[in-house]
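Asker: dropping the sequence and predicted coords here.
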Amino acid sequence: MRPHLISVSLLSLSSVALSSVALSQGVTELLPPEFGEVVALSHDGSVVVGRDFIDNGGGFFSIRGVVRDSSGTVSLLDGAPGFDSSDPQAISPDGQIIAGQVSSSVTFDRFPAKWNLAGEVTLLGNFLGIYAVRGMSDDGEYVVGSSSDRATRWGPTGSPEMLGGLPPTSKSLAYDANADGAVVVGDWRDSSGDSLPFRWVEGSGATTLPMLPGHTNGTARFVSADGETVIGTSYVSFAAEATLWRWTAAGGTEPFPVSGAALGRFRLSGADATLGRAVGMRPDLTPLDARPTILDVDRAATSYTDFMAARAISPVSGVDSYEPVAVSGDGHVLAGSAFDSGTGTVVTWIATEGWATGIQNSTCVHGVANQTGVASTLHIDGIDFAAANDIYLEAIDLPPGVPTLFLTSLSAAPPTTPPGSIGAICLGGSIGRYVGPLEIQTVDASGTATLGIDLTNTPTPAGNTTVLAGQTWHYQAWHRDLFQGQATSNFTNAVNLLYR
């Protein structure tokens, strides 16, 4: 028996090139040629993991993992001594741990493995059978996949654990784990060969998730950090294209919720179940006509080319189609492949939305200290392109636990203290209030209230309207407060944003 853990120092990262590559806002950049394809991104997208296929001659190929770290250094992921292939499959949110497998083209030995950016590769134990690594917990402590065709979780010691609650004679595969590895999702095969999605919980075992009506085959692919949301695909039959679905502990299984667009068939490439964004390909009328698709929970599905245009992301020259395959945990970085159908050229790319924090202009700094002893502050995060519809209002330094109401207007006004308040309002004209479902916020324990606003449903006294490019909208937040022990109200500063 091999030991469960084999640590090899200074063998896992072979430096290839050093360049100062910073992720730019709203652009697409080509990845170095060592990236034959993209596998995964860190939470902020600053670390990219991929793989390349190396021709060893005689019809034999080996796989070599590659990583570009946050400084721009591109490094190859080496196998341990005696292993010439490295196949990464997942990366931790902080970009420090990579999970996958190593293999030997000479002995045909294969082992699950983890790499870190300090120069160590760790081989994990297996059951001396066929195995595969597919995912990892956020903390990097747990790796999931299969060993001897059984869904398996490898723990901090590297010892494999077959997931309980699944039929012992059936093949099964784990795809993803939640933040601490206590919840695992995947699929298993029943006696008829159909694939069924499962969710395994530590201490409780595995349960089969219900599928969409009429579907006989399904896979649970991604799970949220808290383990309460699962994203997967299912089929009427293996010959049919997949339909994307979401399962929640509260609502069960439902088609992926996309407003204003029928999703239909979908080939899932990547997703973040916590964020609610999925990327992949949506086949149209013919099998050869596939549109890259970006999906946001409760927002319409869109083709990747439209997604780029709305966020002013520059395209890759010389290509005519894209396949996004990975999305960062914060949702602002995408990566994948691009193709030129005429020449057969394939390149890999990484794109950042035009997302930024603090994009507002301050129009009124007349903040009055609240019961915490400081004045609250409002700022705007997101993309200033109106078509992107991706804006968040965040108020900080508020009294925890109090209700907060966000306000908006096309006009500013001199500071005016209304009756019953110690703060001043700096909006004028027709003032709209965000009082729709889930829009009135309760300040969290850190003193923060955040609202993602829908630019196509901006409130005004005359009814909701759509924000247009060229317009400047002003924002402010009102909140409950105490002054000398008496109930009152207060305001943040006021800010504005010119939409492009």
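Answerer: Sure thing, it's come through. Keep in mind the model is a prediction, meaning the values are calculated, not measured.
Asker: so how far is stretch 313-324 from its chain's centroid?
Answerer: Counting by C-alpha atoms, centre = their mean, to the nearest Å, stretch 313-324 is centred 21 Å from the centre of its parent chain.
Asker: can you list the buried residues in that stretch?
Answerer: With burial defined by 16 or more other C-beta atoms under 10 Å, the residues of stretch 313-324 counted as buried are I313, P315, V316, V319, S321, Y322, E323, P324. (Each C-beta comes from the backbone N, C-alpha and C, glycine too.)
Asker: the strands in the stretch 51-200 of the chain, which residues?
Answerer: Along the stretch 51-200 of the chain, the segments classed as strands by DSSP state E, counting those that start in this stretch run 60-68, 74-77, 85-91, 97-103, 110-116, 120-123, 131-136, 143-147, 150-154, 160-162, 172-177, 183-189, 195-201.
Asker: redo those as JSON lines? Include distance to P415.
Answerer: Shown next, in JSON lines, are those (distance: least, C-beta to C-beta, whole Å):
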{"stretch": "strand 60-68", "distance to P415": "49"}
{"stretch": "strand 74-77", "distance to P415": "53"}
{"stretch": "strand 85-91", "distance to P415": "49"}
{"stretch": "strand 97-103", "distance to P415": "51"}
{"stretch": "strand 110-116", "distance to P415": "54"}
{"stretch": "strand 120-123", "distance to P415": "59"}
{"stretch": "strand 131-136", "distance to P415": "52"}
{"stretch": "strand 143-147", "distance to P415": "56"}
{"stretch": "strand 150-154", "distance to P415": "58"}
{"stretch": "strand 160-162", "distance to P415": "62"}
{"stretch": "strand 172-177", "distance to P415": "51"}
{"stretch": "strand 183-189", "distance to P415": "50"}
{"stretch": "strand 195-201", "distance to P415": "53"}
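Asker: any idea which of those strands is most buried?
Answerer: Taking mean count of other C-beta atoms under 10 Å as the contact definition, the stretch among the strands of the stretch 51-200 of the chain with the greatest mean neighbour count is strand 143-147, which reaches a mean of 28.
Asker: same question for that strand, mean pLDDT?
Answerer: The pLDDT scores in strand 143-147 average 92.
Asker: am I right that V236 is in contact with T216?
Answerer: Yes. V236 is within contact range of T216, at 6.6 Å (criterion: C-beta atoms under 8 Å).
Asker: any shared contact partners between those two?
Answerer: Common neighbours of V236 and T216 (criterion: C-beta atoms under 8 Å, 6 or more residues apart in numbering): none identified.
Asker: before we move on, back to that, nearest to P32 among the strands of the stretch 51-200 of the chain would be which one?
Answerer: Across these, P32 has its closest neighbour in strand 74-77 (5.0 Å, C-beta to C-beta).
Asker: check which helices and strands the closest one sits against.
Answerer: Under the contact definition 3 or more C-beta pairs under 8 Å, 6 or more residues apart in numbering; DSSP states H and E, strand 74-77 sits against strand 13-17, strand 60-68, strand 85-91.
Asker: paired strands for the longest one, with orientation please.
Answerer: Right, the one you point to is strand 60-68. According to DSSP bridges, the neighbouring strands of strand 60-68, each with its direction, are strand 48-57 (antiparallel), strand 74-77 (antiparallel).
Asker: angle of it against strand 85-91?
Answerer: Interaxial angle of strand 60-68 relative to strand 85-91 (axes from the mean of the first three to the mean of the last three C-alpha atoms, to 10 degrees): 40 degrees.
Asker: just the C-alphas of strand 60-68, formatted as PDB.
Answerer: Included here for strand 60-68 are C-alpha records, laid out as PDB according to Å, rounded to 0.1, in the frame of the first residue of the first chain:
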ATOM      1  CA  PHE A  60       0.600   9.200 -27.300                       C
ATOM      2  CA  PHE A  61      -0.200  12.500 -25.500                       C
ATOM      3  CA  SER A  62       0.400  13.700 -22.000                       C
ATOM      4  CA  ILE A  63      -1.400  16.400 -20.100                       C
ATOM      5  CA  ARG A  64       0.500  19.200 -18.500                       C
ATOM      6  CA  GLY A  65      -1.300  21.600 -16.100                       C
ATOM      7  CA  VAL A  66      -0.400  25.300 -16.300                       C
ATOM      8  CA  VAL A  67      -1.200  28.200 -13.900                       C
ATOM      9  CA  ARG A  68      -0.800  32.000 -14.200                       C
END
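Asker: who's in contact with that strand?
Answerer: With contacts defined as C-beta under 8 Å, 6+ apart, strand 60-68 is touched by 13, 16, 21, 31-32, 34-35, 39, 47-56, 74-77, 84-88, 98, 100, 103, 105, 115, 117.
Asker: next, the contact list for E353, please.
Answerer: Q25, G26, R311, I313, H332, V333, L334, I383, A388, D390.
Asker: ok, it to T408 distance?
Answerer: Relative to T408, E353 is positioned 23 Å away (criterion: C-beta to C-beta, to the nearest Å).
Asker: how about P419?
Answerer: 22 Å.
Asker: more neighbours, these two?
Answerer: Per other C-beta atoms under 10 Å, whichever of P419 and T408 has more neighbours is T408, with 21 against 5.
Asker: identify the bridge partners of the more buried one.
Answerer: Under the criterion used here (DSSP bridges), T408 is bridged to G432, Y475.
Asker: from here on, count from 802
Answerer: I'll keep to 802 as the first residue from here, and by that count the last item is T1209.
Asker: A1050: which of the strands of the stretch 852-1001 of the chain is closest?
Answerer: Closest to A1050 of these, according to C-beta to C-beta: strand 996-1002, at 9.2 Å.
Asker: show me what that closest one is packed against.
Answerer: Counting contacts by 3+ C-beta pairs under 8 Å, 6+ apart, strand 996-1002 is packed against strand 984-990, strand 1006-1009, strand 1018-1024, strand 1030-1036.
Asker: from the chain's centre, how far out does the third one sit?
Answerer: Between the centre of strand 1018-1024 and the centre of its host chain there is 16 Å, according to C-alpha atoms, centre = their mean.
Asker: sort out which residues of it are buried, please.
Answerer: With burial defined by 16+ other C-beta under 10 Å, the residues of strand 1018-1024 counted as buried are N1018, G1019, T1020, A1021, R1022, F1023, V1024.
Asker: wouldn't the third one be in contact with R1000 here?
Answerer: So the one you mean is T1020. No. Here T1020 lies out of contact with R1000, judged by C-beta under 8 Å, at a distance of 11.8 Å.
Asker: next, show the common contact partners of those two.
Answerer: Taking C-beta under 8 Å, 6+ apart as the contact rule, T1020 and R1000 have no neighbour in common.
Asker: do a quick rundown of the strands in the stretch 1052-1201 of the chain.
Answerer: 1053-1056, 1068-1073, 1078-1084, 1091-1097, 1100-1104, 1122-1128, 1134-1140, 1147-1153, 1162-1165, 1178-1183, 1192-1197.
Asker: that older thread, so which of the buried residues of stretch 1114-1125 is the closest to S1290?
Answerer: Proximity of the buried residues of stretch 1114-1125 to S1290 was ranked by C-beta to C-beta; the top entry is I1114 with 41.1 Å.
Asker: would you list the helices and strands packed on strand 996-1002 in TSV and tack on distance to G866 and mean pLDDT?
Answerer: As requested, these are arranged in TSV below (distance: least, C-beta to C-beta, whole Å; pLDDT from 0 to 100):
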stretch	distance to G866	mean pLDDT
strand 984-990	22	95
strand 1006-1009	30	94
strand 1018-1024	21	89
strand 1030-1036	25	84
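Asker: can you give me the pLDDT of S1210?
Answerer: Each residue has a pLDDT score; the one for S1210 is 97.
Asker: fine by me, thanks again.
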